[in-house]
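Student: Here is my input; please provide its structure:
(one chain, ligands or ions: 1)
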Amino acid sequence: MNFGILGTGVVGRTLAAKLIELDHSVVLGTRDPAKTILKSELDGMGNPPIRVWLEKNSKAKLGSFTEAAVHGEIIINATNGVGSLNALQIAGEMNLNNKILMDISNPLDLTNGMPPSLFISNTDSLGEQIQRAFPNVLVVKTLNTMNAYLMVNPRLLANGDHSVFVSGNDTAAKAAVSKLLQSFGWEDIIDLGDITTARGPEMYLPLWLRTWGVLQIPMFQIKVVR
Ligand SMILES: NC(=O)c1ccc[n+]([C@@H]2O[C@H](COP(=O)([O-])OP(=O)(O)OC[C@H]3O[C@@H](n4cnc5c(N)ncnc54)[C@H](OP(=O)(O)O)[C@@H]3O)[C@@H](O)[C@H]2O)c1
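Tutor: Numbering: from 1, shown residues only. Prediction:
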């Protein structure tokens with residue numbers, strides 16, 4: 001299947017590598033491909049520039065947000081939450097309509113430093129804002145509650161015995177996303193309900209960030225015990 005991933009950070013790269021391993025075709029989207037490919041510095045988390053990553057992952061293609069959206073039968077939003085609506089607007093509504101959009105973004109506000117606060121919460125979520133802005137896109141919020149490496153390899157922790165959430169208005173879209181998550185190794189997939197339920201996973205981020213601060217490692221996860 002063809003995937004368009006909006007975002008060239010660690011989430012976009014990690015999802016792209018896994019999808020290619022599973023024989024899918026991936027275009028990673030960025031605002032300005034010519035500028036992005038010339039970057040030579042490490043990012044804020046110490047990740048190498050995308051050029052280095054592309055040399056090691058030669059089946060992945062870099063393109064504009066629009067090219068990624070045109071390529072994708074399923075689109076993944078792996079952009080910074082502050083820029084997600086802008087990225088999707090650049091990608092183009094007509095290139096997104098009637099497609100599944102897996103939304104992994106978080107509404108983190110870093111203007112006052114660490115730990116960030118949320119710029120949307122309580123009565124709204126970024127997932128809902130995206131769904132309202134693109135009413136004909138099948139938005140499914142998922143995977144935003146964990147470190148990127150766990151997203152595609154839940155067995156890195158507790159033999160995979162932990163939980164991932166999906167939120168969205170379209171039952172078939174959530175089923176398709178759940179099937180994809182199963183192909184990554186996920187077993188405990190909890191359907192929270194419509195897109196308004198994205199508020200919960202997004203509002204978990206303040207707890208995730210403080211747990212990270214205490215543990216000093218990002219490899220931990222939610223397990224819903226019943
Ligand atoms: N890092 C994790 O482990 C993790 C875990 C869970 C959820 N998340 C969420 O996943 C998303 C991606 O995280 P990340 O760490 O991979 O990368 P990131 O640094 O948060 O985002 C990188 C991408 O955001 C795009 N972007 C930034 N500002 C933009 C703007 N104003 N307009 C359009 N695009 C913009 C960049 O585009 P250019 O390529 O053009 O610069 C880049 O491709 C975030 O929302 C994050 O909160 C991350």
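
Student: What backbone torsions are found at residue 109?
Tutor: phi -110, psi 110 (degrees, to the nearest 10).

Student: That one contacts residue 115, correct?
Tutor: No: when contacts are counted by Cβ atoms under 8 Å, residue 109 is not listed as touching residue 115 (10.3 Å). Yep, even glycine has a C-beta here, placed from its N, CA and C like the rest.

Student: Poorly predicted segments of this protein, please.
Tutor: Counting by pLDDT under 70, the chain contains no low-confidence range.

Student: Which residue ranges of it form helices?
Tutor: 10-21, 33-37, 50-56, 65-71, 84-91, 93-96, 126-133, 148-151, 171-184, 199-203, 205-215 (DSSP state H).

Student: can you list contacts of the first one?
Tutor: With Cβ atoms under 8 Å, 6 or more residues apart in numbering as the contact definition, helix 10-21 has outside contacts at 3, 5-6, 26, 28, 43, 45, 47, 50, 53, 57, 59-60, 76, 78, 104, 148-149, 151-153, 184.

Student: For ChimeraX, what selects the buried ones among those?
Tutor: Typed into ChimeraX, the line below selects the buried ones among the contacts of helix 10-21, using 16 or more other Cβ atoms under 10 Å:
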select :3,5,6,26,28,50,53,57,60,76,78,104,148,149,151,152,184
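
Student: follow-up on the earlier one: with distance to residue 190 as new columns, can the helices of the chain be given to me in CSV?
Tutor: What follows is these, written out as CSV (distance: least, Cβ to Cβ, whole Å):
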stretch, distance to residue 190
helix 10-21, 20
helix 33-37, 35
helix 50-56, 32
helix 65-71, 28
helix 84-91, 23
helix 93-96, 26
helix 126-133, 15
helix 148-151, 15
helix 171-184, 10
helix 199-203, 10
helix 205-215, 16
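
Student: Which positions in this structure make contact with the ligand?
Tutor: 7-12, 30-31, 36, 78-83, 86-87, 104-106, 108, 144, 147-148 (Cβ under 6 Å from any ligand atom).

Student: measure residue 54 to residue 79 for me?
Tutor: 18 Å (Cβ to Cβ, to the nearest Å).

Student: Please identify which of these two sits among more neighbours.
Tutor: Neighbours were counted for residue 54 and for residue 79 using other Cβ atoms under 10 Å; residue 79 has more, 28 against 19.

Student: Could you double-check that that one sits in contact with residue 85?
Tutor: No: using Cβ under 8 Å, residue 79 makes no contact with residue 85, being 9.2 Å away.

Student: Surely residue 9 and residue 78 touch.
Tutor: Yes: Residue 9 is within contact range of residue 78, at 6.5 Å (criterion: Cβ under 8 Å).

Student: ok, the spatially closest residue to residue 147 that is not a sequence neighbour - how many residues close by?
Tutor: The shortest distance from residue 147 to any non-neighbouring residue, by Cβ to Cβ, 6 or more residues apart in numbering, is to residue 218 (4.1 Å). By the criterion of other Cβ under 10 Å, residue 218 has 15 neighbours.
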